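S.K.: Any chance you can model this:
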Amino acid sequence: MSVPRTVADVLREHVTLEVESIDRMYLNVYMADLQREQGVVWFLRHHRGHPFASSALMDPISKAFVAAIGAFVEQSHVPLLSFAKGQRKDDVAAKYRAAFTGKEGVLFVGRAQEKTAAFRTEKRTNPTTGKKYPWIVRSTAMVNHYYFYCVDEDFGPFFLKFCSYFPYNAKLCLNGHEYVKRPLAKAGIAFEALDNGILSCADPRRLQQLCDGLSAAKLDALLRKWLARLPHPFTPEDRAAGYRYEISILQTEFSLTQVLDRPLTGRIFFEEVIRENLDIGRPDHVQLVFERPITRRTPGRFRTRVLTEGVTPSLHIDYKGCRIKQYHKEGRALRTETTFHNTLDFKIGKRLHNLPALREVGFRANRRLLDVQQVSHDCAIGEAVFREVTQPIAVQGQRASALRYADPCVLALFSALLVFRLLPRGFANHELREHLAPLLGEEPSALTQGRMTYQLRRLRLHGLIVRRPGSHRYEVTRRGLRIALFFTRSYARVMRPGLTELSEMAVPPDSQLRRAADQFEAAMDRYVARAKLTQET
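M.R.: The predicted model follows:
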């Protein structure tokens, strides 16, 4: 009986680098006083000095802002692109980043029509006098948004998206892993990057310190720096009067990247984690991960989802507006990341100064998920042992061929080893020949001295037998006995009977395994047919 272990316990034995970092951040950039009708009226009447408040007064501001963007594009000699519907903006940005050679600057400006909250004017009637008067109300509109894709010397790639309509809200998007690469390079600390992360680093402690140093103050400084460089929708007089942009958290990801010492077995390990933790999305488990009580009144669906993109599976767990995603990253690391879409789910405010509190919840959720997840065995060890036996090996300059699973000669060798394990004096070359020949269906004389030496040599180099000192006799090792037993019994009791039942000539033809295989094949046919029909329509 195997005792389940937590994933965290197993990973401690196989991780070469562990990094906690803020990953992608999507921040709201807005003026708090202009998000309500009363604030807009005050801005137009009392600050700008207009006798009435109307959306018509916003049009000159919008036109001036768009004109300033056009002038900026022309003076800076950067492209102004119009994004097509459904076009991946990140792919366009990647192309321009690859060609950019400066320390920092604007790569290009993109334009796209998007739906946004806006203000409009409607006519209302005074019930006493019967006169019409304008009234500001909230609404929505399809308007142009301008994406400024930039590279910052300290933060790396980011974009700032401005709405071209009042009150000119913006979004700031950046990546914490890209941020940390800059100071590492400046300090001359050698590192190897993942697509979105760090694979190896000469100074892991300094790497983690830099990740921890991404603060709200630095994010605010980044915004102020580029607001001073890019076209601004509000005048210096507006800003002097207190109309300044603020930042709140729209979406942020907190990631834990654990680089594995055996990349080839990492995927096998993660697939085993998925298989054994499909119930991790149950409320009783979710409340352990997030340390939050869950009742029938708690909103949201509690479920575990396994999504596959190409051949890469990922595990998803939801809690209200928060999601934990876990996947095997680029075949090298286990990535666990908690994404917050609404900080109020954890009674944490949205303003940027709440980032430390949110960081603590996010990183703790990643760790607690690994503590809650369990696996019955360390499959990385089993995979390594299997490959050591079934692949060629070199020991102190000597090479030995593989002992391939289910190979008739290998099975015969292993069957002979099971006999010789019981002999106190071990066995010699000629004794192995006498037992091996009948298992191969040959006469002992057909097995030459060279063939037997070859078999003994590869058994010895794979660690299944050892030569007794001062003699030409061999003993079966404890490892050799276990591997020989497992290979021969699993083939005889699992593989051969199972393949027999799956065969077209199986008797009886409706065995339990055959019925299960037929049901699986039919289900796959239905799935493929539905997918094909969806693509055609």
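S.K.: Quick check: closest non-adjacent residue to Pro169.
M.R.: Check again: residue 169 is Asn, not Pro. The spatially closest residue to Asn169, leaving aside those adjacent along the chain, is Tyr30, at 4.7 Å (CB to CB, 6 or more residues apart in numbering). C-betas here are computed from N, CA, C, even on glycine.
S.K.: Touching, that neighbour and Leu250? I think so.
M.R.: No: shown here, Tyr30 and Leu250 do not form a contact pair, counting by CB atoms under 8 Å, at 10.1 Å.
S.K.: quick one on the thing from earlier: what pLDDT does the model give the residue nearest to Asn169?
M.R.: The predicted structure scores Tyr30 at 94 on the pLDDT scale.
S.K.: now swap in the one 5 residues further on and tell me
M.R.: According to the per-residue confidence, Gln35 scores 91 in pLDDT.
S.K.: Quick check on it: phi, psi?
M.R.: With angles defined as degrees, to the nearest 10, Gln35 shows backbone torsions of phi -100, psi 0.
S.K.: show me what contacts the closest residue to it other than its chain neighbours?
M.R.: Residue nearest to Gln35 in three dimensions, not counting chain neighbours: Pro167, with 7.0 Å by CB to CB, 6+ apart. By CB atoms under 8 Å, 6 or more residues apart in numbering, the residues touching Pro167 are Tyr30, Met31, Leu34, Gln35, Val40, Phe119.
S.K.: give me every residue that touches the first one.
M.R.: So the one you mean is Tyr30. With contacts defined as CB under 8 Å, 6+ apart, the neighbours of Tyr30 are Pro167, Asn169, Ala170, Tyr245, Glu246, Ser248.
S.K.: From those, pick the one nearest Met495.
M.R.: When these are ranked by distance to Met495 (CB to CB), Ser248 comes first, at 59.2 Å.
S.K.: The closest one reaches Leu355, doesn't it?
M.R.: No: in this structure, Ser248 is not within contact of Leu355 by CB under 8 Å, at 10.5 Å.
S.K.: who's more crowded, these two?
M.R.: For Ser248 against Leu355, the residue with the higher neighbour count under other CB atoms under 10 Å is Leu355, and the figures read 22 against 16.
S.K.: Pull stretch 357-366 out as CSV, backbone CA atoms only.
M.R.: Coordinates of the C-alpha atoms in stretch 357-366 are reproduced here as CSV (Å, rounded to 0.1, in the frame of the first residue of the first chain):
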residue,chain,number,x,y,z
ALA,A,357,-2.2,42.4,0.6
LEU,A,358,-3.2,40.9,-2.8
ARG,A,359,0.3,39.6,-3.4
GLU,A,360,0.2,37.7,-0.1
VAL,A,361,-3.2,36.1,-0.9
GLY,A,362,-2.1,35.1,-4.4
PHE,A,363,1.3,33.5,-3.5
ARG,A,364,-0.2,31.7,-0.5
ALA,A,365,-3.0,30.2,-2.7
ASN,A,366,-0.3,28.8,-5.0
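S.K.: Begin at 23, not 1, for the rest of this chat.
M.R.: With the count now opening at 23, the last piece we talked about shows up as stretch 379-388.
S.K.: got the contact list for it?
M.R.: Residues outside stretch 379-388 that contact it (CB under 8 Å, 6+ apart) are 42, 44, 271, 274-278, 311-313, 344, 346, 358-360, 362, 365, 368, 370.
S.K.: Apply 6 Å and report the result again.
M.R.: Glu42, Phe276, Leu278, Val311, Phe312, Thr358, Thr360, Thr365, Phe368, Ile370 (CB atoms under 6 Å, 6 or more residues apart in numbering).
S.K.: ditto for stretch 459-469
M.R.: Contacts for stretch 459-469 (CB under 6 Å, 6+ apart): Ala434, Ser437, Arg455, Glu456.
S.K.: how close does the residue nearest to Gln57 get to Val41?
M.R.: 39 Å (CB to CB, to the nearest Å).
S.K.: Same question for Tyr169.
M.R.: As judged by CB to CB, Tyr169 and Val41 stand 29 Å apart.
S.K.: So, low pLDDT: which residues of the stretch 23-172 of the chain?
M.R.: Per-residue confidence of the stretch 23-172 of the chain (counting by pLDDT under 70) places the weak regions at 23-27.
S.K.: Going along the chain, name the strands of it.
M.R.: Under the criterion DSSP state E, counting those that start in this stretch, the stretch 23-172 of the chain carries strands at the ranges 27-28, 37-52, 102-104, 127-147, 154-174.
S.K.: Any chance of a markdown table for the ones you listed, columns distance to Glu465?
M.R.: Converted to a markdown table, those look like this (distance: least, CB to CB, whole Å):
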| stretch | distance to Glu465 |
| --- | --- |
| strand 27-28 | 51 |
| strand 37-52 | 53 |
| strand 102-104 | 79 |
| strand 127-147 | 77 |
| strand 154-174 | 76 |
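S.K.: nearest to Glu497, of those strands?
M.R.: With distances scored as CB to CB, the stretch of those nearest to Glu497 is strand 27-28 (33.5 Å).
S.K.: where in the stretch 423-559 of the chain is pLDDT low?
M.R.: 526-531, 549-550, 553-559.
S.K.: ok, Arg500 - contacts?
M.R.: Arg500 sits next to no residue when contact means CB under 6 Å, 6+ apart.
S.K.: and the gap between it and Leu221?
M.R.: For Arg500, the distance to Leu221 under the criterion CB to CB works out to 37 Å.
S.K.: now swap in Phe65 and tell me
M.R.: Here the criterion is CB to CB. By it, Phe65 lies 50 Å from Leu221.
S.K.: More neighbours: which of the two?
M.R.: Neighbours around Phe65 and Leu221, counted as other CB under 10 Å, are more numerous at Phe65. The numbers are 23 against 19.
S.K.: returning to that earlier point: looking at the strands of the stretch 23-172 of the chain, which is buried most?
M.R.: Stretch with highest mean neighbour count among the strands of the stretch 23-172 of the chain: strand 37-52 (a mean of 19; mean count of other CB atoms under 10 Å).
S.K.: Need the three-state assignment for Tyr188.
M.R.: Check again: residue 188 is Phe, not Tyr. Using DSSP: H, G, I helix; E, B strand; the rest coil, the structure places Phe188 in coil.
S.K.: my guess is it contacts Ala78, does it?
M.R.: No: checked against CB atoms under 6 Å, the pair Phe188 and Ala78 is beyond contact range at 11.0 Å.
S.K.: If you count surrounding residues, which of those two has more?
M.R.: Shown here are Phe188 and Ala78; by other CB under 10 Å, Phe188 has more neighbours (21 against 11).
S.K.: Distance of the more buried one relative to His167?
M.R.: 13 Å.
S.K.: Same question for Thr151.
M.R.: 41 Å.
S.K.: List only buried entries from the contacts of stretch 379-388.
M.R.: In terms of neighbour count (16 or more other CB atoms under 10 Å), the buried residues within the contacts of stretch 379-388 are Glu42, Phe276, Leu278, Val311, Phe312, Thr358, Thr360, Thr365, Phe368, Ile370.
S.K.: now, which of those lie within strands?
M.R.: Glu42, Phe276, Leu278, Thr358, Thr360 (DSSP state E).
S.K.: Just give the nearest non-adjacent residue to the second one, would you?
M.R.: If I follow you right, that is Phe276. Among residues not flanking Phe276 along the chain, Gly384 sits closest, at 3.0 Å (CB to CB, 6+ apart).
S.K.: and that neighbour, which of the three is it?
M.R.: Reduced to three states with three-state DSSP, the structure at Gly384 is helix.
S.K.: Give me the number of neighbouring residues for it.
M.R.: For Gly384, the count of nearby residues is 24 (other CB under 10 Å).
S.K.: Which of the buried ones among the contacts of stretch 379-388 lies at the shortest distance from Ile296?
M.R.: Distance to Ile296, by CB to CB, is smallest for Thr358 among the buried ones among the contacts of stretch 379-388, at 12.8 Å.
S.K.: So that closest one sits against Leu278, correct?
M.R.: Yes: the criterion here is CB under 6 Å, and Thr358 meets it with Leu278 at 4.6 Å.
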